[in-house]
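Asks: My questions are about this predicted structure, shown below with the sequence.
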Amino acid sequence: MGVLLLNNSLCSAKIQTKPALPLLPKLPPASVSLSPSRSQVVRDLAKTGLLAVLSASVFLSDPALAYKGGGPYGAGVTRGQDLTGMDFSGKTLIKQDFKTSILRQANFKGAKLLGASFFDADLTGADLSDADLRSADFSLANVTKVNLSNANLEGALATGNTSFRGSNITGADFTDVPLREDQREYLCKVADGVNPTTGNATRETLLCN
C-alpha cells in the first residue's frame, strides 16, 4: 500500500500543466517589395520602352529619316515608299533601291544614282537634272514631265512601258539606252543640247535621223 502511494505521488509530480503562452498581436501585412535586382530590371525595361516610343515619334515626325542612308549603305528603306517631294539633291545614292516607290516632284538634282533602280516607280514631275544615272533601271517607270536636262543616262534601262512624255531632255545623254521605237521617235522631236559631262549631243545619243 505504501508503494502505491509513493508511485502516485511521483506521477503527480511529473505531470504538470504547461502555462499557456501569451498571444502576440497580429502585425499588419508587410507591403510587397521587389528585390533590388528585380527593381532594377523593371526600371531598365521601362526606360527601354520609353526610348522606343520616343524613337518612333521622331521617325514619324521627320519623313527624311525614312530614306536617310538607305539601300546598301544603311537600314533606311526607299523601296515601295511614298517619297513625294523628298529632297535627294546632291546625294550619293549608288545602287539605291526605289522600286515601285512614289517619287512625284522629288528632287534628285546632281545626285549620284549609278545603278539605282526606279523599276515601276512613279517619277512624275521629278527633277533629275545634272544627275548621274548611268546603268539606272527605269523599266516600267513613269518618267513623264521629268527634268532630265544634262543628266547622264548612259547604259540605263528603259524597257517595257517606260514613258518620257513631256520630259525636258535638253543636254541629256541616252547612249546605249534601249528605247521603244515610239519613245525614240518622240524624244527625237524634242531632243536638243550637248551633255556637259560626256560632250555628246543628245540627238546623236538617241540615234535620231
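Replies: Structure received.
Asks: Show me the helices in the protein, by range?
Replies: 2-14, 36-61, 181-190, 202-205 (DSSP state H).
Asks: Now do the buried residues in the third one.
Replies: Just to be clear, that refers to helix 181-190. In terms of neighbour count (16 or more other CB atoms under 10 Å), helix 181-190 has its buried residues at 183-184, 186-188. For glycine as for every other residue, the C-beta is placed from the backbone atoms N, C-alpha and C.
Asks: Tell me the one among those residues nearest to Asn142.
Replies: Gln183 (12.7 Å; CB to CB).
Asks: got a list of what that closest one touches?
Replies: By CB atoms under 8 Å, 6 or more residues apart in numbering, the contact list for Gln183 reads 158, 162-164.
Asks: avg pLDDT for stretch 94-114?
Replies: Regarding stretch 94-114, the rounded mean pLDDT is 96.
Asks: distance between the ends of it?
Replies: End-to-end distance of stretch 94-114: 5 Å, with CA to CA, to the nearest Å as the criterion.
Asks: can you start the count at 532 instead of 1 from here on
Replies: Sure, I'll start numbering at 532, so the last one becomes stretch 625-645.
Asks: number of nearby residues for Val608?
Replies: By the measure other CB atoms under 10 Å, the count of residues near Val608 is 13.
Asks: Can you tell me how far it is from Lys630?
Replies: 11 Å (CB to CB, to the nearest Å).
Asks: So, low pLDDT: which residues of the chain?
Replies: Where the chain drops to pLDDT under 70, the residues are 532-607.
Asks: Quick one: the strands in it, in order.
Replies: Ranges of strands within the chain: none, based on DSSP state E.
Asks: Tell me which residues touch the closest residue to Gly621 other than its chain neighbours, please.
Replies: With CB to CB, 6 or more residues apart in numbering as the criterion, Gly621 has its nearest non-adjacent residue at 4.8 Å, and that residue is Gly641. Going by CB under 8 Å, 6+ apart, Gly641 touches 620-621, 660-662.
Asks: one more time with 10 Å
Replies: Contacts for Gly641 (CB atoms under 10 Å, 6 or more residues apart in numbering) come out as 619-622, 658-663, 681-682.
Asks: Alpha carbons of stretch 665-674, as CSV, please.
Replies: Below are the C-alpha coordinates for stretch 665-674, written out as CSV (Å, rounded to 0.1, in the frame of the first residue of the first chain):
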residue,chain,number,x,y,z
ARG,A,665,24.4,55.5,-115.6
SER,A,666,23.1,52.0,-115.7
ALA,A,667,20.0,53.1,-113.7
ASP,A,668,16.8,50.9,-114.2
PHE,A,669,13.7,52.8,-115.4
SER,A,670,11.9,49.7,-116.6
LEU,A,671,8.1,50.2,-116.4
ALA,A,672,8.7,53.6,-114.7
ASN,A,673,6.6,56.7,-115.2
VAL,A,674,9.1,59.3,-116.2
